[in-house]
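Give me the fold of what follows.
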Amino acid sequence: MDEVDEILASWARELPGLDTAPLASFSRISRLARHLDRARSEAFAAQELEIWEFDVLAALRRQGPPYEASPGDLIHETLSTSGTMTNRVNRLEARGLVVRLPNVADRRGVLVRLTEEGRQRVQAALSDLLDFERTLLAGIPADSRRELADILRQLLAPFEGS
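Purely as a prediction, here's the structure:
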């Protein structure tokens, strides 16, 4: 029995006719997300990165050399807004983790490029994160891990248009 089971038992006692079945999954997902955010913060702290910094730097790193993208692409990849992304790029640029360059394909636009320091930090943070996540999943059989990933993909699909 976990805390979600206790919450469900309380609802069943207080509102016996209410179908709380969705809470069994979504409350666990929500609680897990909060725990993972905390763990990610700790993993990234060793590289002096915040979660949002990792998200932007990782989006750039995934582009492959020369590790650059338009702000619009970064907005899409990090699920943020234009104003938020401008602020994030400003802060990352001030720290020397990214640079802005003119976009030769669109003279009005810019590209955001990962610096060598940004590349090194995001790769080290990713390595730390993967070590933690592998440990977290180690007690779950490989077939169950694949099934879990498939179920979560189905659950996420309506939100991401997949």
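
so how far is E48 from the residue nearest the centre of the chain?
Nearest to the mean C-alpha position of the chain, counting by Cα atoms, centre = their mean, stands D55 at 6.2 Å. Going from D55 to E48 by Cβ to Cβ, to the nearest Å gives 15 Å. Using the backbone N, CA and C atoms, a C-beta is placed for each residue, glycine as well.

rewinding a little: element containing the residue nearest to the centre of the chain?
Taking DSSP states H and E as the criterion, D55 maps to helix 51-61.

quick check, distance from that helix to the centre of its chain.
Helix 51-61 sits 9 Å away from the centroid of its parent chain (Cα atoms, centre = their mean, to the nearest Å).

now do stretch 45-64
The answer for stretch 45-64 is 10 Å, by Cα atoms, centre = their mean.

Tell me where the chain has helices.
For the chain, the helices defined by DSSP state H cover 3-14, 21-45, 51-61, 71-78, 82-94, 116-137, 142-160.

R107: which of those helices is closest?
Taking Cβ to Cβ, helix 71-78 is the member of those nearest to R107, at 15.1 Å.

list the buried ones in that closest one?
71, 73-75, 77-78 (16 or more other Cβ atoms under 10 Å).

would CSV of those with distance to E160 and pLDDT be doable?
Formatted as CSV, those follow (distance: Cβ to Cβ, whole Å; pLDDT from 0 to 100):
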residue, distance to E160, pLDDT
P71, 20, 95
D73, 16, 94
L74, 16, 96
I75, 14, 96
E77, 11, 93
T78, 13, 94
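
what about this structure, any weak spots by pLDDT?
Along the chain, segments meeting pLDDT under 70 span 162.

Can I get the helices of the chain in TSV including distance to G109?
Shown next, in TSV, are those (distance: least, Cβ to Cβ, whole Å):
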stretch	distance to G109
helix 3-14	46
helix 21-45	29
helix 51-61	16
helix 71-78	8
helix 82-94	13
helix 116-137	20
helix 142-160	25
